[in-house]
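Trainee: Okay, predicted coordinates and the sequence, questions at the end:
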Amino acid sequence: MKKEYWFIIMIYIAMQLSAIVGVPAILFLGNMLGYSFDEVAKIAPPLWIVISFTITLLLTLWFLRKERKEMPMRKQAPLSTSIGWAIAGIPLAFMAQTIAANIELMLGIEMGSDNTQQIMSLIETSAIVILVVSIIGPILEEIIFRKIIFGSLHKRLNFFLSALISSLIFSLAHGEIEHLLLYAAMGFTFAFLYVKTNRILVPIIAHVAMNTFVVVIQLNMDKLEKYMTDIETVQMIFSRLG
């Protein structure tokens, strides 16, 4: 593995642990500027998430600045083919996630994600976190888990083992090993898109679309529940009239 890749992985791990230092630093700075503890404590976690993810992405792109020049264009799928896979990858990712979720349900694994709920809580505190969840996060994760980890493994192992190992690491990084099948389904799908095109932008597009869709659904969950209740009420009225 290239030394730049190791630097990126170490920066990513440091970013995941940085809240231990970053959040107290924001609290201290807020106190120095005369803000109340309660005011700063509310925005400190989401603010640090945005800062740390943005810095990590900028550093990652800086370490990868030579990649485009070193990558022979003949190894990449034609632009038209890549666009086609980028578009097809979106429903493909949703389909894989839906199948995996249903299998987990049949296995008795509870639906829902603690990770998603924690993220939504942060979004409710500060809407700017949506930028991290929908864009910055997926870009970083595809670079780390698909380009670097999966890509390095795929040079030595077959597709299945490379995707399986990288998906397991992907699941562990999210702290939800109980949803291993769900993360594996997404990991295999994004790895497939990457292999088919050799363009990391393709799985990034699918990942961004999926995360954005989940955020939109979660933010409008109350409206959706009311809509479903209204439909059930109308159906009940018509069934009685019949």
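Mentor: Perfect, I can see it now.
Trainee: contacts, neighbours, all on C-alpha from now
Mentor: Fine.
Trainee: what's the neighbour count on Gln118?
Mentor: 10 (other Cα atoms under 10 Å).
Trainee: The one 10 residues further on too?
Mentor: Ile128 has 15 neighbours, counted by other Cα under 10 Å.
Trainee: wait, isn't it in contact with Val50?
Mentor: Yes. The criterion here is Cα atoms under 8 Å, and Ile128 meets it with Val50 at 7.5 Å.
Trainee: quick one: low-confidence ranges for this structure?
Mentor: Along the chain, the parts satisfying pLDDT under 70 run over 68-74, 111-116, 221-242.
Trainee: So which residues of the chain form helices?
Mentor: Ranges of helices in the chain, per DSSP state H, are 3-17, 19-32, 37-63, 67-70, 79-106, 114-125, 129-131, 137-141, 151-154, 159-173, 180-197, 201-219, 221-241.
Trainee: Check those helices for me and report the most buried one.
Mentor: Greatest average neighbour count among the helices of the chain goes to helix 180-197 (a mean of 23), per mean count of other Cα atoms under 10 Å.
Trainee: which secondary structure elements does that helix contact?
Mentor: Packing contacts for helix 180-197, counted by 3 or more Cα pairs under 8 Å, 6 or more residues apart in numbering; DSSP states H and E, involve helix 79-106, helix 159-173, helix 201-219.
Trainee: The second one vs helix 180-197, what angle?
Mentor: Okay, so that is helix 159-173. Helix 159-173 runs at 130 degrees relative to helix 180-197, counting by axes from the mean of the first three to the mean of the last three Cα atoms, to 10 degrees.
Trainee: Could you check the angle helix 159-173 makes with helix 3-17?
Mentor: Counting by the same axes, to 10 degrees, helix 159-173 lies at 30 degrees to helix 3-17.
Trainee: Name the surrounding residues that touch helix 159-173.
Mentor: 145-146, 149-151, 153-154, 177, 179-180, 183-184, 186-188, 191 (Cα atoms under 8 Å, 6 or more residues apart in numbering).
Trainee: Could you do stretch 190-209 as well?
Mentor: 75-78, 81-83, 85-87, 89-90, 93, 134-135, 138-139, 142-143, 146-147, 150, 163.
Trainee: Next one: the residue nearest the centre of the chain from Leu57, what distance?
Mentor: Centroid-nearest residue in the chain: Pro138, 4.2 Å away (criterion: Cα atoms, centre = their mean). To Leu57, Pro138 is 10 Å away according to Cα to Cα, to the nearest Å.
Trainee: Columns distance to Gly22 on top of the helices and strands packed on helix 180-197, output as JSON lines?
Mentor: What follows is those, written out as JSON lines (distance: least, Cα to Cα, whole Å):
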{"stretch": "helix 79-106", "distance to Gly22": "33"}
{"stretch": "helix 159-173", "distance to Gly22": "20"}
{"stretch": "helix 201-219", "distance to Gly22": "25"}
